[in-house]
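*Asks:* I would like to see how this sequence folds:
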Amino acid sequence: MNTIKMAITLLLLSWHTCWAATPLGDIDVKLEVTAQPRIEIEKPHGGWYDTIKLHNSPENHAVYEVEVPVAVKLRRQEGYQISIKNPLILTRQSDAFSAIEQTFSPAEVRWGNNRTNLRLLSAVPESFSVPPQATRHTTTDYVLQISAKAPAGDNTAGKYHGQLTLVFEVNS
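*Replies:* You can find the predicted model right below:
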């Protein structure tokens with residue numbers, strides 16, 4: 001009987017040891033996260049501007065300007081910040097007739113929800129807030145205004161181009 005008890009005990013101990021030495025395998029978990037954008041910037045009726053054309057100011061022919069409407073859609077946010085990544089410099093495209101590079105003065109870029117209350121943008125973020133709504137989704141219309149002074153002197157005609165990069169960030 002002692003031999004049987006001893007055999008059963010050894011068998012159980014060896015089984016327990018084998019069970020404890022077996023590592024737990026990897027556990028695969030599929031993770032899917034859906035993060036909704038908290039801010040969207042677009043034209044008032046959707047889409048975005050491929051290019052924006054500046055035109056002579058009626059008051060001052062040396063100044064070129066444009067105003068375009070922009071819609072800001074916020075989701076579960078009460079405000080955002082906007083800044084300019086780099087100053088907007090309009091430069092003439094070089095061609096066979098003019099090797100001299102011509103540039104406009106650095107453009108003034110302004111932003112606001114009405115023409116009388118536009119703020120000058122720079123690399124330092126400007127904060128804007130929206131009134132709280134009953135829903136968690138808010139759409140507000142803004143005006144983007146760009147103006148720059150044309151180069152002075154002779155040989156300034158031609159096509160000018162530049163790139164404006166606006167940085168939008170939601171308030172934390």
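*Asks:* quick one: low-confidence ranges for this protein?
*Replies:* In the predicted model of the chain, residues 1-36, 95-99, 133-135, 172 satisfy pLDDT under 70.
*Asks:* just the helices in this protein please.
*Replies:* In the chain, the segments counted as helices under DSSP state H are 2-21.
*Asks:* Tell me which stretches of it form strands.
*Replies:* For the chain, the strands defined by DSSP state E occupy 39-42, 55-56, 63-75, 79-84, 91-92, 108-112, 119-120, 126-129, 137-149, 160-161, 166-170.
*Asks:* between those strands, which gets nearest to Tyr49?
*Replies:* For those, proximity to Tyr49 was assessed by Cβ to Cβ; strand 63-75 is nearest, at 6.4 Å. The C-beta positions use only the backbone N, C-alpha and C, and glycine is treated the same way.
*Asks:* re the thing from before, and Glu101, which of the strands of the chain is closest to it?
*Replies:* strand 91-92 (6.4 Å).
*Asks:* What lies in contact with the closest one?
*Replies:* Ser98, Glu101, Gln102, Thr103, Phe104, Thr156, Gly158, Lys159, Tyr160, His161, Gly162 (Cβ atoms under 8 Å, 6 or more residues apart in numbering).
*Asks:* and Val109, what does it touch?
*Replies:* Val109 makes contact with Ile84, Leu88, Leu120, Leu121, Leu144, Gln145, Ile146, Leu164, Leu166, according to Cβ under 8 Å, 6+ apart.
*Asks:* try 6 Å
*Replies:* Each residue near Val109 by Cβ atoms under 6 Å, 6 or more residues apart in numbering is listed here: Ile84, Leu121, Ile146.
*Asks:* Closest to Val66 out of those residues?
*Replies:* Lowest distance from Val66 to the contacts of Val109 (Cβ to Cβ) belongs to Ile146, with 5.3 Å.
*Asks:* how close does that closest one sit to Glu78?
*Replies:* According to Cβ to Cβ, to the nearest Å, Ile146 and Glu78 sit 27 Å apart.
*Asks:* tell me which of the contacts of strand 91-92 is nearest to Asp50?
*Replies:* Among the contacts of strand 91-92, and counting by Cβ to Cβ, the member closest to Asp50 is His161, at 12.8 Å.
*Asks:* Among Ile146 and Glu78, which residue is more densely surrounded?
*Replies:* When Ile146 and Glu78 are compared for neighbours, Ile146 comes out ahead with 20 against 13, by other Cβ atoms under 10 Å.
*Asks:* surely the more buried one meets Val66?
*Replies:* Yes: here Ile146 reaches Val66: they are 5.3 Å apart, a contact under Cβ atoms under 6 Å.
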